[in-house]
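J.: Give me a model of this one.
(3 chains)
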Amino acid sequence: MKPPPFEYHAPNSVARALELLATLEDAKVLAGGQSLIPLLNFRLARPAHLVDVNRLPGLDRVYERDGGVAVGATVRQSGAERDPLLRERCPLLPLALRLVAHHVIRNRGTVCGSLAHADPAAELCAALLVLGGHVVAESTRGSRVIAAGELFRGPFETALQPDELITEAWFPTHATGEVGVLEESRRHGDFAMAGVARYRDRVALFGVAGTPVMADPDDPTRGLQPSGDLEASPEFKLHLVRVLVARAYGRAG
Amino acid sequence: MRVNGAERQAPGSARRLLSDYLRGDLGLTGTHVGCEHGVCGCCTVLLDGRAIRSCLMLAVQAEGHEVTTIESLSPEGAELHPVQRAFQECHGLQCGFCTPGFVMAICGLLAENPDPTQPEIEEGIAGNLCRCTGYASIRRAVRRAAELMQEPPPPASPGTPPTARGRVVQSPPPPASPGTPPTARGRVK
Amino acid sequence: MTTRWFGAPVQRVEDERLVRGRGRYTDDLDDGALHACFVRSPYAHARVRSIAVEAARRAPGVHAVYTAADLPFGDRDLPLLIPHPALTNGRTQRCLASDIVRYAGEAVAFVVAHDRYLAEDAGELIEVDYEPLPVVITPEAAAAARNLVHEDVPGNVAAELTQHVGDVDADLAGAPHTLSLRFRFERAAAQPMEARAVWARWDPGERRLLVYDSTQSPTSIRGGLAVLFGLPETSVEVVAPDVGGGFGPKIMLFYPDELLVPYAAMQLGRPVKWTEDRAEHFLAVNHERGQVHDVRVGFDGSGRVLALDVDFIHDAGAYTPYGIILPIITAAQTTGPYRVPSYRTRFRSLFTNATPTSPYRGAGRPHGCFVMERTLDAIAGELGLDRAEVRRRNFIQADEFPYDTGIAWQDGNRAVYDTGNYPALLDECLRLLGPRPAGEDVGMGLGVYVEGTGVGPYEGAHVQVLVSGKVVAATGIPSQGQGHATVLAQVVADVLGVDVADVHVRSGDTRRFQWGVGTFASRGAVTAGNAMHAAALKVADKAKRIASEQLEVDAQDLELAAGAVRVRGAPDRAVPLAAVAILSNPLRYAFGGGAEMATQFSSRARAGPPLADGEQPGLEASGFYSPAGSTWASGCHAAYVRVDPRTFRLEILRYVVVHDCGRVINPLLLEGQIQGGVAQGIGGAFYERLAYDDEGQLRNASLMEFLIPYATEVPDVVIGHLETPSPLNPLGVKGAGEAGVIPVGAVIASAVEDALGILVSQMPLSPQRLFELMQRSASSG
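T.: Prediction:
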């Protein structure tokens, strides 16, 4: 299982990276590579160009702004998990992060990369949604903010244009004690058959629809039509959603 | 890039995986390839001291970084590294194919956390597959490695011949009662 | 002879090298080899109309592309390894398909290039025109036979075999109680961490073929390659170097690559290597476990089984290279440790459009055990009796050995149990298990099994004491992690009175030892162990003969200890083994190292030739062990589990094994085998399955979706031992390799059933399966 041929670019500046994304036909951004490289190895993805953003300066910061915490594009998931600012200001995030795959994967995978990948079962996408965060998407045409509710369009599909690069994700500050992330997966670190990210009275579900979706804590499966997967049928997913939401609120479930 | 302390040139082909570069170009065959999709952990090496999957990295991406493989832990003729010694003492390997990946992951774990709790050990080894041992001896090996790295080696018990191999040892008996603390997933309480 | 090493938990001699990352697995070899890859059928069943390879042949870095048309043996079927009279419609595939493909993954073309990247690029340029045909996937569909896998095999039946003991129909009719049960097992796969790999070099000057192969039987591969290529077998060498796990699929022999890699090496004048990747391992390497059983059991009011009638179908896959060994083992191992007065077992081995099946750790025993154990649980449930008590009432008792089951065994004989004590196993297991933990949703499961081990035809070994006093030994069987080098060194060290560290064992290399069968069926310790023992005893006897001349003492007053041959009771009268080795080879020319003591003017004058009649030079000997029958290990597993009543997540609270493999050579290694086997059993019971769709596509051909348990899913197993030595071999040992896995499915099913109060009759389980079963049970009231 070896990657197909591609042109490899490792720009040293954001401007250069954006230029490449604007001019190259069929280019994919390579950040942590923990999702993209398996696809390359299976030859399920065959981009003509890879734009490696790991060398871009200034994107490895976690900092406060605008009542929240910004996480740069090259911040590793393990770094975010340990980051004292996130632990203090955004306690939901470390809870979500420790459920992402395994710690070795998190040593390379990035927070923004997970958001751009938009796996329907991704904990970080649900965290962004339930907190009402956003990403900053830059291109040669300028910069724009994409709110979580607009970002995720479908399975592995976002509102990002091919020439756009997420340079940071932003999570609003929130208090501890009313946050929780619960999921049912088969083994440690596996994708969730169903998952719940809770912040106060807001609940986002993951693993049960084409994107993370907000739900009513009192009627979490209303309107939900999950597709089944290898490990869970639609009925079982609905059942798990009810159980997990109840448990997220400390109710018998 | 530096590999085990030596300067190396990245390969010409950008698509060459770090795992293949280490094994094929540099002859460092101690790092093994089990799946090429990041699940089994056999290919785990250290990048700037942190454990990563070498099958999920392009070799060119390692430029400017430091890669550490199993071969660097105990150069030819030298004593075994404490983690390696712990694996031998605790029968933490059978076929040995997953072992370098486990050893490097554990080196990464103990570098960050020299005295891990049992849940932290569990978390630390949870990303590597072993098909032979059933993990009990690997758990013991991590605990033993942490001990070895913190204190001088215990004296050999009386009557034990001084060779490093083929020695009668008191292996730690398996726990008579379940010893591993609970996490969410199916384990002994 | 000492008993210092037998039974000692000696640390492995293999580990020093393996923990350093200095193992030598087949893919570690290069030596300028070209790299190969396969093009495989994406269809489960299709006619091959054409294969276009020209573009691939011209691709960068490509040295050769082969299809069946390019091979002199292209139209030859691969060997049918184990023929059997009941296998009336056995079929094997060809190296490369050219006419019809019968499973997704069947090999169609073979590309050899500068490296694997370029080989895969070239493979994508090969265009195959397939005409899809109807697909038969499940064993039930195969039995219904609306479509055929092989046009000329009616009903998809490769083989049918019925055996019986007693009069089942009469005893069922007369039984006070009867039950009808059905049990279903899905396909599963061994998935060793090292996939398969082959490396070959042809030396045209010497006309010698050297092959490294991640196989469980180098001697068989060597024999087959010699025949195929018309070479004397002495010109073909096959080595199994370090192998990263076998578990059965690597005892399947003559996978297409095992012929094509050597062939390409011979054609291209360069070494050639092929290393399987995980994606193709899922499709190309044999599977196992698919069976469906219909059971009728008759029993009395105290739970004693009177009659057992089992009718099962076995999923053979698209071809039957391994014959019907698997269903034969299931048939023989169903009654297990129990006395079943009347037993009939009928099986049909059926073709399906899926990867062929052959043994995976357990090899049919898990099915038999599951059937019997679940049946006994059902009887207990029906009569309101304790599950352990029902077992006690049905056990073969400790004084009933040898016990002839009357059913055919895989060695061509009948299954006759040599020794055992099943009631003691159960009692000790329950004692170690302890009281049920408090709390809701807890269930207890139990499973008892027997395991036929140590099957023949034979194994051999060679032992030699070097002039340095160190010992080298060799045997034909390879290792895939069992620690043979350590275990066999322990056996030799005891006989020769040396330190284990001074015995170096080579295995699985036909250059060092060319005779033998292979590593499978829990036979290594029994066969190779006893062969080593026999060889070492011959060496010891010779050492005593030579030393007795030197010391002028009767040979029977001598013993081997501390690296010397010495007088019993007067240990200072001794000759070091090193000196004996020198003396065993009469010399004209001294070459240092003490050799002068063996030259003509130094050695003691004796009448007759320096090398006596019938003697050979050197302190070495070969030994062989050929069992008259298998030896029967046994064990009891028990567990407490908690099943979350809402999410159906499984938590194993305590898992206990009490195991009897006769005399134990190395308890440290034995416990490793058991713990590892239980882990695979847990995987097979609750996590792993091969998810084929109706088109015969394997939907979860990756480790992300085929769920091998991590450490977080496997508890520490509590292990107890019982020893009923085998009278059938001098060491008194029985096999242990598969013991950990055999009853795990039954134990988990039993425990889950106990926790949830629903009937469990399938493997594997999962939260989804339990959800469905609970729903079905709720709706049926």
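J.: What count of nearby residues applies to the closest residue to C:Ala638 other than its chain neighbours?
T.: Excluding the flanking residues, the one nearest C:Ala638 by CB to CB, 6 or more residues apart in numbering or on different chains is C:Leu433, at 4.5 Å. Yep, even glycine has a C-beta here, placed from its N, CA and C like the rest. Look at C:Leu433: counted by other CB atoms under 10 Å in any protein chain shown, it has 21 neighbours.
J.: In terms of pLDDT, where does C:Leu433 sit?
T.: pLDDT for C:Leu433: 98.
J.: do the same with C:Gln410
T.: Note for C:Gln410: predicted pLDDT of 85.
J.: what about it, helix or strand, and which?
T.: Here C:Gln410, judged by DSSP states H and E, is contained in no helix and no strand.
J.: Report the beta-bridge partners for C:Thr453.
T.: With DSSP bridges applied, C:Thr453 shows beta-bridge pairing to C:Thr631.
J.: surely it meets C:Ala521?
T.: Yes - in this structure, C:Thr453 is within contact of C:Ala521 by CB atoms under 8 Å, at 6.7 Å.
J.: All the helices of the stretch 1-150 of chain C, residue numbers only.
T.: Assigned by DSSP state H, counting those that start in this stretch, the stretch 1-150 of chain C shows helices spanning C:15-19, C:54-57, C:116-124, C:139-144.
J.: do stretch A:49-61 and chain B meet at all?
T.: Yes - counting by CB under 8 Å from any CB of the partner chain, contacts between stretch A:49-61 and chain B involve A:50, A:52, A:54-55.
J.: What subset of those is buried?
T.: The neighbour-count test (16 or more other CB atoms under 10 Å in any protein chain shown) marks A:50, A:52, A:54 as buried among those.
J.: Adding pLDDT as columns, could you present those residues in a markdown table?
T.: Putting these into a markdown table (pLDDT from 0 to 100) gives the following:
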| residue | pLDDT |
| --- | --- |
| A:Leu50 | 98 |
| A:Asp52 | 98 |
| A:Asn54 | 98 |
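J.: how about low-confidence regions in the chain?
T.: Since you didn't name a chain, this refers to chain A. A:253 (pLDDT under 70).
J.: right idea, wrong chain: chain B
T.: For chain B (pLDDT under 70), the answer is B:152-189.
J.: For it, which segments count as strands?
T.: Assigned by DSSP state E, the strands in chain B fall at B:2-3, B:6-7, B:44-47, B:50-53, B:66-68.
J.: can you give me the helices for the stretch 101-250 of chain A?
T.: Listed in chain order (using DSSP H, counting those that start in this stretch), the helices of the stretch 101-250 of chain A are A:103-106, A:111-117, A:123-131, A:148-151, A:234-248.
J.: Tell me the buried residues in the fourth one?
T.: If I follow you right, that is helix A:148-151. Within helix A:148-151, the residues scored as buried using 16+ other CB under 10 Å are A:148, A:151.
J.: which residues are contacting that helix?
T.: A:115, A:118, A:125, A:128-129, A:131-135, A:158-160, A:214 (CB atoms under 8 Å, 6 or more residues apart in numbering or on different chains).
J.: Just among these, which is most surrounded?
T.: Highest neighbour count within those, by other CB under 10 Å: A:Leu128, with 30 neighbours.
J.: what's the distance between it and A:Cys112?
T.: From A:Leu128 across to A:Cys112, the span is 10 Å (CB to CB, to the nearest Å).
J.: Find residues that contact each of these two.
T.: Common contacts of A:Leu128 and A:Cys112 (CB under 8 Å, 6+ apart): A:135, A:169.
J.: Show me the domain layout of chain A.
T.: A:7-52, A:62-172, A:179-248 (automatic domain parsing).
J.: Tell me the spacing between the closest residue to B:Val142 other than its chain neighbours and chain A.
T.: Leaving aside its sequence neighbours, B:Val142 sits nearest to B:Ile121 (CB to CB, 6+ apart; 4.8 Å). For B:Ile121, the distance to chain A (CB to the nearest CB, to the nearest Å) stands at 12 Å.
J.: likewise C:Val664?
T.: From C:Val664 to chain A the distance is 33 Å (CB to the nearest CB).
J.: Give me the residue ranges of chain C where confidence is low.
T.: C:1-2, C:603-606, C:781.
J.: need the residues of it near chain A, please.
T.: Contact residues (CB under 8 Å from any CB) of chain C with chain A: C:116-117, C:120-121, C:124, C:277-279, C:646-647, C:649, C:687, C:691, C:699-700, C:702, C:704-705, C:707, C:709-710, C:712-713, C:766-768, C:771-772, C:775.
J.: which bits of the stretch 551-700 of chain C sit near chain B?
T.: Residues of the stretch 551-700 of chain C lying close to chain B (CB under 8 Å from any CB) are C:641, C:649-655, C:667-669, C:671-672, C:675-680, C:682, C:686.
J.: sorry, back to before: who's in contact with the residue nearest to B:Val142?
T.: Counted by CB under 8 Å, 6+ apart, B:Ile121 has contacts B:109, B:139, B:142-143.
J.: Same list, those residues, but as JSON lines with neighbour count please.
T.: Output for these, formatted as JSON lines (neighbours: other CB atoms under 10 Å in any protein chain shown):
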{"residue": "B:Leu109", "neighbour count": "23"}
{"residue": "B:Arg139", "neighbour count": "23"}
{"residue": "B:Val142", "neighbour count": "27"}
{"residue": "B:Arg143", "neighbour count": "16"}
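J.: Distance-wise, check the residue in the stretch 51-200 of chain A that chain B sits nearest to relative to chain C.
T.: Nearest residue of the stretch 51-200 of chain A to chain B (CB to the nearest CB) works out as A:His102 at 2.9 Å. A:His102 is 8 Å from chain C, where distance means CB to the nearest CB.
J.: separation between that residue and C:Val295?
T.: 42 Å.
J.: More neighbours: which of those two?
T.: In terms of neighbours (other CB under 10 Å), A:His102 is the more surrounded of A:His102 and C:Val295; the figures are 24 against 21.
J.: Could you list the residues of the stretch 251-400 of chain C in contact with chain B?
T.: Contact residues (CB under 8 Å from any CB) of the stretch 251-400 of chain C with chain B: C:277-278.
J.: which residue is nearest the centroid of the chain?
T.: Reading this off chain A. For chain A, A:Leu115 is the residue whose C-alpha lies nearest the centre (CA atoms, centre = their mean; 3.0 Å).
J.: wrong chain, I was asking about chain C
T.: Centroid-nearest residue in chain C, with CA atoms, centre = their mean: C:Phe520, separated by 3.2 Å.
J.: you'd agree that one is up against C:Pro249?
T.: No - between C:Phe520 and C:Pro249 there is no contact under CB under 8 Å: 10.4 Å.
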